[in-house]
Every structure is written in C-alpha cells, then in structure tokens.
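Enquirer: what follows is a predicted protein model with its sequence.
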Amino acid sequence: MAWADLQQAVAHASAAAALGDLSAAAAAYRQALAQWPEHPALLFNLGTTLADQGDAAGAADAFARVVVRAPAFAPGHHNLGNALRDAGRADQATASYRLALSLDPGLAASRIALARDLLQAGDVGQSVQLLQEGLRLQPQQAGLWTELGRACTAGGEGLRSIECHRRTLELAPDQAFAHHNLSAALHAQGHTDEALPGAQQAVALDPGQGAAWENLGNVLAHQGDLAAARPALARAAALLGRPGRPEPGIALRAALLLPAVPESRRAIGHSRAQFAEALRDHRSGPCSLTDPIQQVGLSSAFYLAYHGLPNRDLMRQQAATYRTLCPALDFTARHCLEPTDPVSRPIRVGIVSRYLRDHTIGRYLIRLVQHLARPEFQVCLLTWPSAPDRLSAAFKAAADEFLLLPQGLAEAQQVIAAAQLDVLLFADIGMEPASYFLAFARLAPVQCAFYGHPDTTGLDTIDHFLSWAPAETAASSDWYHEPLALLPADCTYACLPAPGPLPAAATKESLGLSGCQRLYLCVQAPYKVHPDFDDLVAGVMTADPSARVALVGRGLRAWNAALDRRIRARLGPLAGRFSVLPERSYSDYLALLGAADVVLDTPHFCGGATTLDAMMMGAPVITWPGAVLRSRQTLALSLRMGVTDGVALDAQDYVQRAVLLAGDAARRADVSHRMNQAQDQLFEDLGMVRAFEGLLRRWTSGRA
C-alpha cells in the first residue's frame, strides 16, 4: 500500500494504535518505512509500538536506527535505553541513558532511569548525587523527588527519605504514588500511625495498584488490625500475581499474621494453631519463592517469642516451609565444602546484623568487636546501609573489615561467601527478614546465633545458640533446636559499655502522685506484656490500696490502646488506679524509673536493656523467672549483682515481694544501695570477651 504523504501514514498507524491493534500499527509503520526508509520519526513510532507489544529486541533495533539518523535526539537514546534494559542488556542501557542525559540534562526520565541503574549496582552515593543535580535544575519535578526518596531509603537515610516523599506529595497531591511512597517511608521508619492515612488515600485514588494495597496491608497488620490487613494483602497478592496465581510471598505473609497484643491466653493458642496450619497449607501448595527477603519480608513469627511457650516445633516447621518454597535458600559457600584449619592464620569471625548502630544490639556487641584479641582473630562486620551515628562509627573503626550487604538474597549470599569466614555470628535472627533468610545458607563452617532475639531459629544451618549459663535451666534444651553454647556464670552475658551521667530521679509530685501513693512501674513494650501479667497487676492492686500501676506507652498507639483495654477489662473497679503514661525521651524515661517504688518485670519475656536501666537508677525490679534466657535475664543479672530481693518463685510470691518492697522505704533503700555498690559487675566485663574467644577456638580448631 502506498501512502499519499507521511502525515497520512502516521495518522493511519496512530488510529490503529488508539484502537489497541498494535500489530496493525506496527505493520503500517513498516509499510511507511518502505516509502521513506530510515525516517527517524517513523522508526521512533515503530520502536514505541514494538515496546508496547513487548518486543524489546525489535524496539531496540528501531531505536538504534533512530539514533544513527538523529544522534542528537535525546529521547531516542532514552527509549533505546529502555528497550535495551527490557531485552536484558543492562550495561548498554545505562550507556544510552548517560548519552541521553548528556544531550539533554533536563530529561528527567533518563536521569531517573540512570539513578535506578546506579542504585541497582550498589552505588547509592552516585545515584543520590545524580538526582540532586537534577533537582537543582528542576526543583519542581516530582519524579526526581520520588527517586531521591528511594535512593535515600537504600542508603539507610530513612528520615531524609520521608522528607523527599513529603516534597513529592506537595507537588503531586492528587497522585496515588505520592501518598503510597510517603506512607511506605513512614512505616519503614516506625511511624506507622502516621503512615495509615496515606496508605488509605493511595488505594482510594488508584484501587488497581497492588503495591499500594500491599503497603496498606502491612500497616494494618503492624497496628494489629488483622481483620482488615488480610483482605488488603489478598488484594495485593491478586494484583501483583498472575490470573489465578496470587503473588506467593504476600499470600504467605498474610496467612502467617499474628497479633502484636493478644487479647487473652486463649487467643494466643488460637493464633498459634492458625500459624501452624498456614505453614502446612503453603508447604504442600504449588507456589514458589525466588527471594523471600523481598517477597515475604518478616513474618509475624517475631511475636511467637512473647507467648510464653516453646517455639522449637513451630520454627522448625517454618524453616521447612521456606526451604520447600525457595531452593535459593540452600546455598553453600565454596570454602565451606573443604574448610581449612586456621591454626597458622587468624580466625576470621563475621558478625551480621542490621543493628550495628545506636541500638540495643549495637550496645551488646561493640565491646566484643573492639576487644576480641588481635591478631589471633580478624573481625568482619556485615550490615546494611543506615544513617551514621556515634556507635556505627565506632563499629566501623573497630572492625578489620566492614562490608555493606545488598538487599537481595543471592547477592548478599555471594558477598558473605566471598569473605571466607571461619565463624559467622548472626546477632539477631528473627528481628528482621534479611538475616533470617541468609541464615538458611551455609556461609561459614561454623554458624552461631546470638541472643539479640532470644528465640530458637529452627535452622539446621545454625550450629550453636549462644546463651548465658545463669539464664538457662535443665529444661532449656526443650526450647532450642540448636545446641546451646553457654557463657559461664563468672561473666556477664555481654561486655556492656559503662553508662554515661544519669539524670536525677523524677519526683512523685511531678507525676501527679501524692506522697501516700506508691508507683509500680512497667516499662516493657506492649507486645512483651503477656495476659498473665494482667493477673499480677490485679494482685498488686488488691494487696496494696495505695498502689498506682503505670505502663509507659511504647511503639504504636494501637498497641498501647489494645493493652490498656485488655488490662482495664481484667482490673474492673480497680482500673482507676491504672494508667498508660506517654512515651518519653530516654533521659526522662530514666528519671521516671528513678521515681518508681518498684519496677514490675513481665513474665515469659523479661527485661534486658530495660532491666539494666532500672538497676542503674537504683529501682528494685520484681521478676518471675521462667525456663529459658528470655524470661531469666533479670534473674541472672540479679544473681550477678548479688541482689535477689525481687526474684519471685511464683505469681503469689511476685505480688508479695512487690508490695513488701514498695511499702518499706528502708528495705527499698537498702536494695538500691546494694545495686549501686555492685554496678561494676554489669558493665565493661572483658571476661565475656575472653569466654567467647575460648568458644571460637574450640569451634574452629579444638584449641583450648
């Protein structure tokens, strides 16, 4: 067919494309090219049509011919880059984006695409710099702000990411993506209460966006609204999957949801049964996973540790489910197949954690990294990008090697394998998804779980679970899948940095309490407060008419509200003397501890860092130890100090000890004095480092 002129040919092809007949449109452009060979506009339109058809190779060929005829046409180079990327030729795509941007620095699409390529390659700094340069040219370009927010997230600068997405929303207030990105950034930084409105607005503006439904489901699940979270995640799984095959990672995440603050002991049993059933259903199902870090994230298994029950069988079942669904988890580093005896070289010790910064995990580990004997040991720290702080700088300075891990499973496995470690210490398996899923692999001949999250992993690839002898019992082995490796009783469980200057204790008057009232304070996070604690609170209030029991709000408003409702329902007419205080700064929190007559520890999962804080402030802690580390840290610390006045044998003894200490100022002052005198038993204890060195020697070569 011959066309009268070029305009008629383009109009015919455009009409076919508008009707959705891309094949006819492509044929029309090819016919026109027979009359006007190598015409740049026809080639450009043909390339665009082929790209829309999914013919990446054909589109790349068309755009390559465009830039030969029009080498200064920046959009041609940009579209060539897109086609090359879709065809799997990433390096060539990046080169095309660079050329397009050199021809037109204001071509935001090329700048964004190039920034994404740099981010994918792990070059966060160059990606951020490129986007900042673009924003100096185009400060009102919403897409650049969005991409800068993503780059800041990848670089661990979560707060900066939030500000970028706020700027995007100012520029595009009616766009679903702007609400979604800000909500997701807020949620990632723990501002989940603020994240909910944006998540809801995103799906209202664009109900067909699976990522927005996924974010809404994640926010609702974290708040504890599981009834609303499950359908939101189901919608996301359907939109992001294939017809009849929902996206498997999201579907599994939805099936494994557990409440952060359970309503009752009965509710705990019901949720655990549902969890086990979901694992069985998915293990025998047809779905598969390629990267569970990205697809599933962290399931609610974190909350199992707070139920007061052994989790060994459930964690084994979870591990078996993931191994069935994701063969990529079964990775073995080459040097593990024929490990060498490090008798004539340093023992290479790796520590992997996302929390090598100002965090409880960081405070547990910093002295170990600083004081592990050199040159006998080399310490390689493995973490993910995060905003720098004082403690992260100290880790970087103390390490022999400091490696940043990529976000993907396979890429992170390769980085750790290349380090050729003798021992790999997983500091907090279960706190976040990346380290949990990496622990499925054999990345070092010896792999050990640290008690950053003190629950069994259920993984056969973990050879030891590091714990502390005074905090375990003869029954402990029933709770762990891994063999226990125990630090001895003559040291603390961690070489903890000595505290800095402490604030003065708050007065009861400043808290609105009269001199005749006694303050019983609990400072644990809501998910640590088991329903059994409610009975202890009721017992204290019944035994002491002057008792005022207070919790300190922690985390999400929904958590605190759920806990407040549950405890008030248990207390009935006593609830007038119970309150949940607002969350406060660390200094004010310490001052509040100093004002307490006694601090009430939670059963089944006691305080760790919070117990240390109370002891630093001289506040007696009442604890009821259980069978394993997570319920016995306060006991073990009390034994270490030689001050066990607050250690109860059972629930009745807990109440009696609490009321006795709160009501006897002289006894309380004596306990505080003895704790102050024994502070040196808790901090800067290099004996823990020396004990850990002994374990490392035995694990690697049998040397004593």
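Expert: Perfect, thanks for sending it. Numbers count the residues shown, from 1 in each chain.
Enquirer: how near is Phe177 to Ser467?
Expert: 47 Å (C-beta to C-beta, to the nearest Å). Where you see a C-beta, it was placed from the backbone N, CA and C, and this is true even at glycine.
Enquirer: the more surrounded of those two?
Expert: Using other C-beta atoms under 10 Å as the criterion, Phe177 and Ser467 rank with Ser467 on top: 25 against 20.
Enquirer: what's the local residue count around Asp61?
Expert: 17.
Enquirer: please apply the same query to Arg312.
Expert: 17.
Enquirer: tell me who's in contact with Pro497.
Expert: Contacts of Pro497 were listed using C-beta atoms under 8 Å, 6 or more residues apart in numbering, and they are 363, 366-367, 683-684.
Enquirer: what's the burial count for Ala227?
Expert: Neighbours of Ala227 (other C-beta under 10 Å): 9.
Enquirer: distance of it from Leu233?
Expert: 12 Å.
Enquirer: all strands for the stretch 501-650 of the chain, in order.
Expert: For the stretch 501-650 of the chain, strands defined by DSSP state E, counting those that start in this stretch occupy the ranges 518-522, 547-552, 578-581, 598-600, 621-622.
Enquirer: now these as CSV including mean neighbour count and distance to Gly663?
Expert: Compiled in CSV, these are given as follows (neighbours: other C-beta atoms under 10 Å; distance: least, C-beta to C-beta, whole Å):
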stretch, mean neighbour count, distance to Gly663
strand 518-522, 23, 7
strand 547-552, 22, 9
strand 578-581, 17, 18
strand 598-600, 28, 10
strand 621-622, 29, 13
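Enquirer: and of the ones you listed, who's closest to Leu131?
Expert: strand 547-552 (40.2 Å; C-beta to C-beta).
Enquirer: tell me what the closest one is packed against?
Expert: strand 518-522, helix 531-543, helix 557-571, strand 578-581 (3 or more C-beta pairs under 8 Å, 6 or more residues apart in numbering; DSSP states H and E).
Enquirer: what about 6 Å?
Expert: strand 518-522, helix 531-543, strand 578-581 (3 or more C-beta pairs under 6 Å, 6 or more residues apart in numbering; DSSP states H and E).
Enquirer: now those in CSV, with distance to Leu438 and mean pLDDT?
Expert: As requested, those are exported to CSV (distance: least, C-beta to C-beta, whole Å; pLDDT from 0 to 100):
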stretch, distance to Leu438, mean pLDDT
strand 518-522, 35, 96
helix 531-543, 34, 98
strand 578-581, 37, 94
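Enquirer: nearest to Met615, out of those?
Expert: strand 518-522 (13.7 Å).
Enquirer: partners of that closest one in the sheet?
Expert: strand 547-552 (parallel), strand 598-600 (parallel) (DSSP bridges).
Enquirer: so for the helix or strand harbouring Gln8, mean pLDDT?
Expert: Taking DSSP states H and E as the definition, one finds Gln8 inside helix 6-18. For helix 6-18, mean pLDDT is 71.
Enquirer: strands of the protein, start to end?
Expert: Applying DSSP state E to the chain gives strands spanning 347-352, 377-383, 401-404, 423-426, 446-449, 464-468, 484-487, 518-522, 547-552, 578-581, 598-600, 621-622.
Enquirer: biggest helix in the protein by residues?
Expert: helix 265-283 (DSSP state H).
Enquirer: for the residue most central in space within the chain, what are its contacts?
Expert: In the chain, the centroid-proximal residue (C-alpha atoms, centre = their mean) is Glu432; its distance is 3.8 Å. With contact taken as C-beta atoms under 6 Å, 6 or more residues apart in numbering, Glu432 is in contact with 298, 354.
Enquirer: now it: how far from Ile416?
Expert: 16 Å.
Enquirer: sorry, back to before: with distance to Leu159 added, can I get the strands of the chain in JSON lines?
Expert: Formatted as JSON lines, those follow (distance: least, C-beta to C-beta, whole Å):
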{"stretch": "strand 347-352", "distance to Leu159": "24"}
{"stretch": "strand 377-383", "distance to Leu159": "18"}
{"stretch": "strand 401-404", "distance to Leu159": "19"}
{"stretch": "strand 423-426", "distance to Leu159": "27"}
{"stretch": "strand 446-449", "distance to Leu159": "31"}
{"stretch": "strand 464-468", "distance to Leu159": "33"}
{"stretch": "strand 484-487", "distance to Leu159": "36"}
{"stretch": "strand 518-522", "distance to Leu159": "30"}
{"stretch": "strand 547-552", "distance to Leu159": "24"}
{"stretch": "strand 578-581", "distance to Leu159": "26"}
{"stretch": "strand 598-600", "distance to Leu159": "32"}
{"stretch": "strand 621-622", "distance to Leu159": "34"}
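Enquirer: and Arg703, what pLDDT?
Expert: 41.
Enquirer: hang on, the earlier thing: for Gln317, which of the helices and strands packed on strand 547-552 is the nearest?
Expert: helix 531-543 (24.4 Å).
Enquirer: can you list the buried residues in the closest one?
Expert: 531, 533-534, 536-541, 543 (16 or more other C-beta atoms under 10 Å).
Enquirer: what does it contact?
Expert: 264-265, 520, 547, 549, 567, 570-571, 574, 577, 602-603, 654-655, 658-659.
Enquirer: list only buried entries from these.
Expert: For those, buried by 16+ other C-beta under 10 Å: 520, 547, 549, 567, 570-571, 574, 577, 602-603, 654-655, 658-659.
Enquirer: and those, which two are the farthest apart?
Expert: Farthest pair in the buried ones among the contacts of helix 531-543, by C-beta to C-beta: Arg577 and Pro603, 21.0 Å.
Enquirer: coming back round to it: list buried residues within the contacts of Pro497.
Expert: For the contacts of Pro497, buried by 16+ other C-beta under 10 Å: 363, 366-367, 683.
Enquirer: re the thing from before, give me the residues contacting the longest helix of the chain.
Expert: 252, 255-256, 258, 262, 307, 317-318, 321, 324, 531.
Enquirer: how about low-confidence regions in the stretch 151-300 of the chain?
Expert: 285 (pLDDT under 70).
Enquirer: now do the chain
Expert: The low-confidence ranges in the chain, as defined by pLDDT under 70, are 1-4, 9-10, 12-13, 17, 29, 32, 285, 702-704.
Enquirer: returning to that earlier point: for the strands of the stretch 501-650 of the chain, which one sits closest to Thr153?
Expert: strand 547-552 (29.7 Å).
Enquirer: distance from the chain centre to that closest one, please.
Expert: 31 Å (C-alpha atoms, centre = their mean, to the nearest Å).
Enquirer: what angle sits between that strand and helix 557-571?
Expert: 160 degrees (axes from the mean of the first three to the mean of the last three C-alpha atoms, to 10 degrees).
Enquirer: other residues contacting strand 547-552?
Expert: 517-523, 537, 540-541, 577-581.
Enquirer: any idea of the angle that strand forms with helix 531-543?
Expert: 150 degrees.
Enquirer: buried residues of stretch 604-621, list them for me.
Expert: For stretch 604-621, by 16+ other C-beta under 10 Å, it's 604-608, 610-621.
Enquirer: give me the number of residues near Ala418?
Expert: Using other C-beta under 10 Å: Ala418 sits among 12 other residues.
Enquirer: show me the helices in the stretch 151-300 of the chain, by range?
Expert: Per DSSP state H, counting those that start in this stretch, the stretch 151-300 of the chain carries helices over the ranges 158-171, 176-188, 192-205, 210-223, 226-240, 248-255, 265-283, 292-295.
Enquirer: now the longest one: buried residues?
Expert: Judged by neighbour count using 16+ other C-beta under 10 Å, the buried positions of helix 265-283 are 268, 271-272, 275, 278-279, 282.
Enquirer: go on, the third one?
Expert: Counting neighbours by 16+ other C-beta under 10 Å, one finds that the buried residues in helix 192-205 are 192-193, 195-196, 198-203, 205.
Enquirer: need the CA coordinates for that helix. PDB is fine.
Expert: What follows is helix 192-205, C-alpha atoms only, in PDB (Å, rounded to 0.1, in the frame of the first residue of the first chain):
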ATOM      1  CA  THR A 192       3.200   3.500  61.400                       C
ATOM      2  CA  ASP A 193       0.400   5.600  63.000                       C
ATOM      3  CA  GLU A 194       1.300   8.500  60.600                       C
ATOM      4  CA  ALA A 195       1.500   6.000  57.700                       C
ATOM      5  CA  LEU A 196      -2.100   4.800  57.800                       C
ATOM      6  CA  PRO A 197      -3.900   7.800  56.200                       C
ATOM      7  CA  GLY A 198      -1.600   7.900  53.300                       C
ATOM      8  CA  ALA A 199      -1.900   4.200  52.700                       C
ATOM      9  CA  GLN A 200      -5.700   4.500  52.700                       C
ATOM     10  CA  GLN A 201      -5.600   7.500  50.400                       C
ATOM     11  CA  ALA A 202      -3.300   5.700  47.900                       C
ATOM     12  CA  VAL A 203      -5.700   2.800  47.300                       C
ATOM     13  CA  ALA A 204      -8.700   5.200  47.200                       C
ATOM     14  CA  LEU A 205      -7.000   7.200  44.400                       C
END
